[in-house]
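Peer 1: Please find the sequence and the predicted model below.
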Amino acid sequence: MRADRLCISHRGPDETVAAVRDVSLEIAAGETVALVGRSGSGKTSLLMALGLLATPDQGTVRVEGRDTAGMRDAELSALRRHRIGFVFQAFNLLPQLTAEENVAMAHRSGLRGGTERAVRLLEQVGLGHRLRHRPHQLSAGEQQRIAIARALVNEPAVVLADEPTGNLDAETESGVLDVLTRGAAGGGSAVLLVTHSGEVASRADRVLRIEGGTCAQDVEHTGFGKGARS
Ligand SMILES: Nc1ncnc2c1ncn2[C@@H]1O[C@H](COP(=O)(O)OP(=O)(O)OP(=O)(O)O)[C@@H](O)[C@H]1O
């Protein structure tokens, strides 16, 4: 995925806030990048534009080399559904569906076609024993892991994750990050994950720091994910 010179502003009650200022970034297939920054620095605004959920004021977003600027709504929504995986803080699971159905449903071939892959992913995130549970019968961390499995179900070009392990204990977090980074590396997804955790950031191939809507790349490359890629 690639973004060039993105500018995003929000009209507030008194003034227009420039939330993202001239941000360009590129995330290679199979690469995991951590996006870090203080509250209000522009992370969500950037994620929304990269996920084609908000139109930037300026700049372009390319997914698998395709410029999304001129696309019609139907094309954008198909791209979002099949080529981009989202893990939001509100997990947006369908309450009447089981864990397995929530993941399988998101598969490009639908509920039936997606079941096998859904089960495999749920097993990978440690939920093989909770396939038939509905969201309200699961803990917050378990729901979060369903959302991660769902995000990976189509081997998307891009995974955008907002604090994807925020509800997990250290050991489960580590396992889930493995699934996310190795799954991405194996499936060729570019992963951008927003995190406040230094531990999580250290598992990424690279760290992007956003401050006042402007991005800078950390000089320090962690190298962790690179090993995981092979
Ligand atoms: N709908 C909106 N209307 C007006 N201003 C907004 C709106 N959404 C965000 N902003 C402003 O844009 C800036 C960036 O917000 P954004 O939500 O992208 O930050 P963030 O880094 O995700 O913050 P947090 O970590 O607290 O979620 C902030 O100054 C915020 O007040």
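Peer 2: Yes, it's here.

Peer 1: quick one: the strands in the chain?
Peer 2: Under the criterion DSSP state E, strands of the chain are mapped to 2-11, 16-26, 32-36, 58-63, 66-67, 84-87, 158-162, 190-194, 206-211, 214-217.

Peer 1: partner residues bridging the spatially most central residue of the chain?
Peer 2: The centroid of the chain falls nearest to Leu160 when counting by Cα atoms, centre = their mean (1.8 Å). Taking DSSP bridges as the rule, Leu160 bridges to Phe86, Leu192.

Peer 1: on that earlier part again, take the strands of the chain and lay them out in TSV including mean pLDDT and distance to Val179.
Peer 2: Every C-beta, even on glycine, is put in place using the N, C-alpha and C of the backbone. Formatted as TSV, these follow (pLDDT from 0 to 100; distance: least, Cβ to Cβ, whole Å):
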stretch	mean pLDDT	distance to Val179
strand 2-11	96	25
strand 16-26	96	24
strand 32-36	96	12
strand 58-63	97	22
strand 66-67	96	27
strand 84-87	94	12
strand 158-162	95	11
strand 190-194	95	11
strand 206-211	96	19
strand 214-217	86	26
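
Peer 1: can I get the ones you listed in TSV with distance to the ligand?
Peer 2: Formatted as TSV, these follow (distance: least, Cβ to the nearest ligand atom, whole Å):
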stretch	distance to the ligand
strand 2-11	3
strand 16-26	4
strand 32-36	9
strand 58-63	15
strand 66-67	23
strand 84-87	15
strand 158-162	8
strand 190-194	7
strand 206-211	7
strand 214-217	12
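
Peer 1: Quick one, which of those gets closest to Arg120.
Peer 2: strand 84-87 (15.4 Å; Cβ to Cβ).

Peer 1: helices and strands around that closest one, which ones?
Peer 2: Applying 3 or more Cβ pairs under 8 Å, 6 or more residues apart in numbering; DSSP states H and E, we find strand 84-87 packed against helix 140-152, strand 158-162.

Peer 1: and the ones you listed as JSON lines, adding distance to Gly59?
Peer 2: Shown next, in JSON lines, are the helices and strands packed on strand 84-87 (distance: least, Cβ to Cβ, whole Å):
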{"stretch": "helix 140-152", "distance to Gly59": "24"}
{"stretch": "strand 158-162", "distance to Gly59": "16"}
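
Peer 1: Does Ser9 touch Gly59 like I think?
Peer 2: No. Applying Cβ atoms under 8 Å as the test, Ser9 and Gly59 come out as separate, 11.8 Å apart.

Peer 1: who touches both of the two?
Peer 2: Listed as contacting both Ser9 and Gly59 by Cβ atoms under 8 Å, 6 or more residues apart in numbering is no residue at all.

Peer 1: looking only at pLDDT, what's the mean for the top helix by length along the chain?
Peer 2: Longest helix of the chain, by residue count under DSSP state H: helix 170-187. Predicted confidence along helix 170-187 averages 85 (mean pLDDT).

Peer 1: cool, and stretch 69-79?
Peer 2: Throughout stretch 69-79, pLDDT has a mean value of 94.

Peer 1: quick revisit: tell me the spacing between the residue nearest to the centre of the chain and Ser139.
Peer 2: Distance, Leu160 to Ser139, by Cβ to Cβ, to the nearest Å: 23 Å.

Peer 1: Ok, Ala184 next?
Peer 2: Distance from Ala184 to Ser139, by Cβ to Cβ: 25 Å.

Peer 1: picking up where we left off before, list the contacts for the residue nearest to the centre of the chain?
Peer 2: By Cβ under 8 Å, 6+ apart, Leu160 lies in contact with Leu47, Leu50, Gly51, Ile84, Gly85, Phe86, Val87, Leu192, Leu193.
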